[in-house]
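In: sharing a model prediction with you, sequence too.
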Amino acid sequence: MIFPFSSKVDSLFGEGASEQLGAKVKEFGCTKVICIYDKGIQKAGLIDPLIDNMKKAGLDVIQYDGVLADPPDTMVNECAAIARNEKVDGVVGIGGGSSLDTAKAVNVLISNPGNIEDYFGGPGTPHQASKPLVLVPTTSGTGSEVTYIAVVTNTTRHTKDGLMGPATTANLAITDPALAKGMPPSITASTGMDTMAHAIEAYTSTQASFISDFLAEKAIELTAKYLPMAVTNGDDMQARTQMSFASMLAGEAFNNAIIHIGHAFGAGLGATHHIPHGIGCAIGLSAVIDLVADLMPEKVRRIGELMGLELAPNLTPKEVGDKVSQKIKDFNKELGIPSLVDLGIKESDLENITKKTMADIGFMFLARKMESDEAFAIIKGLYAN
């Protein structure tokens, strides 16, 4: 079997790693950077120490705190205009996936002309390398710090579009599990299930390899064990550290194996109803198992075992799939993940959600082809459950 594998981002990992932020940014030759984050983590008290750290290292820091969830293209363009005007020579993103994706997208525009909409479309839309990019996650889930993709909301088409390339790939990811201590249980749960979705979808992707499988299996095992602990006690540093590690492993797995229908569904929900990404992915994850149970019976069994299920050897692939799918639903319930009904989704919304799901690039990497009527039936099933 021949397959490519690439670890695209250098990482600094461990409790207290963020104390090296200023020094590490300086190592790239930066003198003036834009620091991108949202008001939520500023209120949580995470930003000021990191800004002070960079200033003490001799950096001039321009701050942008206007990041919005599911970052809209208009906001990205606004932030990039500030960065261009200030002539920054580096970009620092701090926060969850929205802040990190905003930093990536802004980095595209600093050294490339036009607006961010000009670069939607993934690898078919080239851009040149830009400024040094350092990403500091404060959640344990998105894995954006180690991936080469940025996701931005297209406010004209009402879709979530991806862009990728040298400017959306960080030069350094600094993962400090202590920064995640301030996350409330609901965000801990939803971002943690994003990690689980990355791992399971990479594991069941058509692009999976021995190495991505190895990373995904460990991420599934760690998430199943430590996510409930982190949700129950946010000050549990062992749980926080293991979840930060799981997020990084799952990000590397999907960097190379690519995710599919669970994330496509999450993107569809985000585009139509601005549902938090991790929640959408968590809800869609049982459908991933249902769809691949007969195609990848050994892998589905292994997912169940990693999540703590004891599965009799004489079970059929469908029986195993049903048990693993139910385990994921039970895990979501244990974590407090809401249902589609809880989120206020109406049955009349499902057709539009299906269209947005099928338009997502991740839909291409499902292990078998699917027509719109089947996709609609699956999403209707998620709604009923």
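Out: Nice, I can see it.

In: looking at this protein, which helix is longest?
Out: Longest helix in the chain by number of residues (criterion: DSSP state H): helix 210-232.

In: pull the CA atoms of it into CSV?
Out: Extracted C-alpha coordinates of helix 210-232, given in CSV (Å, rounded to 0.1, in the frame of the first residue of the first chain):
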residue,chain,number,x,y,z
PHE,A,210,-1.9,3.0,8.4
ILE,A,211,-0.5,6.1,10.0
SER,A,212,-3.8,8.1,10.0
ASP,A,213,-5.5,5.0,11.5
PHE,A,214,-2.9,4.8,14.2
LEU,A,215,-3.4,8.5,15.1
ALA,A,216,-7.2,8.2,14.9
GLU,A,217,-7.4,5.1,17.1
LYS,A,218,-5.5,6.8,19.9
ALA,A,219,-7.6,10.0,19.6
ILE,A,220,-10.8,7.9,19.9
GLU,A,221,-9.5,6.1,22.9
LEU,A,222,-8.3,9.2,24.7
THR,A,223,-11.5,11.1,24.0
ALA,A,224,-13.8,8.3,25.2
LYS,A,225,-11.9,8.2,28.4
TYR,A,226,-11.0,11.8,29.2
LEU,A,227,-13.8,13.9,27.7
PRO,A,228,-16.4,13.0,30.3
MET,A,229,-13.8,13.7,33.0
ALA,A,230,-13.0,17.2,31.5
VAL,A,231,-16.7,18.0,31.3
THR,A,232,-17.3,17.0,34.9
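
In: buried set for that helix?
Out: By neighbour count on 16 or more other C-beta atoms under 10 Å, the buried set for helix 210-232 is 211-213, 215-228, 230-231. In this view, the C-beta of every residue, glycine as well, is placed from N, C-alpha and C.

In: what element comes up after that helix heading to the C-terminus?
Out: helix 237-257 (DSSP states H and E).

In: list the helices and strands that next one packs on?
Out: strand 10-13, strand 172-175, helix 185-203, helix 210-232 (3 or more C-beta pairs under 8 Å, 6 or more residues apart in numbering; DSSP states H and E).

In: quick check: nearest residue in space to the most centrally placed residue in the chain, chain neighbours excluded?
Out: In the chain, the centroid-proximal residue (C-alpha atoms, centre = their mean) is residue 142; its distance is 2.6 Å. Nearest residue to residue 142, sequence neighbours excluded (C-beta to C-beta, 6 or more residues apart in numbering): residue 97, at 3.2 Å.

In: where's the one you found relative to residue 290, distance?
Out: According to C-beta to C-beta, to the nearest Å, residue 97 and residue 290 sit 26 Å apart.

In: looking at the two now, which is surrounded by more residues?
Out: Using other C-beta atoms under 10 Å as the criterion, residue 97 and residue 290 rank with residue 97 on top: 26 against 19.

In: now do the contacts for that one.
Out: Contacts for residue 97 were tallied using C-beta atoms under 8 Å, 6 or more residues apart in numbering; they are 139, 141-142, 144, 151, 191, 194, 277.

In: and what of residue 328?
Out: 285-286, 289, 307.

In: over to residue 80?
Out: Going by C-beta under 8 Å, 6+ apart, residue 80 touches 105-106, 109-110, 116.

In: per-residue pLDDT, it?
Out: Note for residue 80: predicted pLDDT of 98.

In: going forward, count from 60.
Out: With 60 as the first residue, the last one maps to residue 139.

In: sec struct for the residue nearest to residue 131 when sequence neighbours are not counted, please.
Out: Spatial nearest neighbour of residue 131, chain neighbours left out: residue 212 (4.6 Å); criterion: C-beta to C-beta, 6+ apart. What DSSP: H, G, I helix; E, B strand; the rest coil gives for residue 212 is strand.

In: what bridges to residue 212?
Out: residue 131, residue 219 (DSSP bridges).

In: any weak-confidence spans in the stretch 210-359 of the chain?
Out: Counting by pLDDT under 70, the stretch 210-359 of the chain shows no low-confidence range.

In: ok, residue 99 - contacts?
Out: By C-beta under 8 Å, 6+ apart, the neighbours of residue 99 are residue 154.

In: tell me how far it lies from residue 353.
Out: Counting by C-beta to C-beta, the gap from residue 99 to residue 353 is 43 Å.

In: which stretches in the stretch 60-209 of the chain count as strands?
Out: Counting by DSSP state E, counting those that start in this stretch, the stretch 60-209 of the chain has these strands, from start to end: 69-72, 91-95, 119-123, 149-154, 192-196, 208-213.
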